[in-house]
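A.B. asks: This is the structure alone, sequence omitted:
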């Protein structure tokens, strides 16, 4: 390394070679080495912590990956099992009808067909119809809904056709509609609207069917469906009804609902 030095005798600037100093060169590495040795414990702790943290992160990522794979497999398995379970559709056709001026009688055949997986055996366990009473009570901020169901039998299940035909994948039953049931509905609705004059009351019919079957795993299942017209839906709304019972006397039903509504209106914080 060269260095500039002023010469007082010659009044000139001389260029001289700077002497190499090994001691100075060695000073810096010694300082670094000393600093590293003094902080060795700190570095050991930090490195151990980093390695541990990395291990936890890797384990967590692996666990999440395995869980995701398990979820995907479970969903695929559920889809596969659902595809192997039966799927029912329903259709109806009128087999007999009598229409008069003030009354009518209509008999229909309902055919249930399995569009899904294998069924070893199946039969219609029960078919029921309910008069459903919806009472809407004004409560200051809107309307409170109370629901009641009363069984009204209007179906006739035939033994011969209520068992499963493996060739056609069908079972069948018969139901009737006539003026008697419509008159019952209208009379009950009118009576309740009169005695509950501060409420709004609507009465309608809901039809249900229970099908018992043995699936491809040789497991016995019983499912209850609600059907309207030609559509089937799994029944899961019984918990929404206050009372479900067999009763087809207009006066008794009206009195029972009247007493319940009046008792409800008297409850605090309703």
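C.D. replies: Good, I have the coordinates. Everything numeric here is computed off the predicted structure, so don't read it as measured data.
A.B. asks: Give me the mean pLDDT for stretch 138-147.
C.D. replies: The average pLDDT for stretch 138-147 rounds to 83.
A.B. asks: what comes into contact with it?
C.D. replies: 132-137, 198-200, 240-242, 260-261, 264, 270 (C-beta atoms under 8 Å, 6 or more residues apart in numbering). Backbone N, C-alpha and C define where each C-beta goes, glycine included.
A.B. asks: What sits closest to residue 97 if chain neighbours are left out?
C.D. replies: Spatial nearest neighbour of residue 97, excluding adjacent residues (C-beta to C-beta, 6 or more residues apart in numbering): residue 106 at 4.5 Å.
A.B. asks: That neighbour reaches residue 94, doesn't it?
C.D. replies: Yes: the pair residue 106 / residue 94 is scored as a contact, 6.0 Å apart, by C-beta atoms under 8 Å.
A.B. asks: Same drill for these two, tell me which one is more crowded.
C.D. replies: The neighbour count for residue 106 versus residue 94, taken as other C-beta atoms under 10 Å, is higher for residue 106 (15 against 10).
A.B. asks: Report the beta-bridge partners for the more buried one.
C.D. replies: residue 97, residue 177 (DSSP bridges).
A.B. asks: dump the residue contacts of it.
C.D. replies: For residue 106, counting by C-beta under 8 Å, 6+ apart, the contacting residues are 94, 96-98, 176-178.
A.B. asks: Now restrict those to buried residues only.
C.D. replies: Neighbour counting by 16 or more other C-beta atoms under 10 Å classes 176-177 among the contacts of residue 106 as buried.
A.B. asks: Pipe the contacts of residue 106 into a markdown table and attach pLDDT per row.
C.D. replies: Output for the contacts of residue 106, formatted as a markdown table (pLDDT from 0 to 100):
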| residue | pLDDT |
| --- | --- |
| 94 | 90 |
| 96 | 89 |
| 97 | 91 |
| 98 | 91 |
| 176 | 82 |
| 177 | 82 |
| 178 | 85 |
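A.B. asks: Of the contacts of residue 106, which pair is most distant in space?
C.D. replies: 94 and 178 (12.7 Å; C-beta to C-beta).
A.B. asks: Which one of the contacts of stretch 138-147 is nearest to residue 57?
C.D. replies: Using C-beta to C-beta, the contacts of stretch 138-147 come closest to residue 57 at residue 240, 48.3 Å.
A.B. asks: Strands of the stretch 51-200 of the chain, residue ranges please.
C.D. replies: Secondary structure of the stretch 51-200 of the chain by DSSP state E, counting those that start in this stretch: the strands cover 88-99, 104-114, 121-138, 143-151, 155-156, 170-178, 200-214.
A.B. asks: right, and the ones you listed - which one's nearest residue 224?
C.D. replies: Going by C-beta to C-beta, the one of the strands of the stretch 51-200 of the chain nearest residue 224 is strand 200-214, 4.9 Å.
A.B. asks: Provide the angle between the direction of the closest one and the direction of strand 170-178.
C.D. replies: 160 degrees (axes from the mean of the first three to the mean of the last three C-alpha atoms, to 10 degrees).
A.B. asks: Which neighbouring elements make contact with whichever helix or strand comes after strand 200-214?
C.D. replies: Remark: after strand 200-214, the chain's next helix or strand is strand 220-228, criterion DSSP states H and E. Counting contacts by 3 or more C-beta pairs under 8 Å, 6 or more residues apart in numbering; DSSP states H and E, strand 220-228 packs against strand 200-214, strand 231-234.
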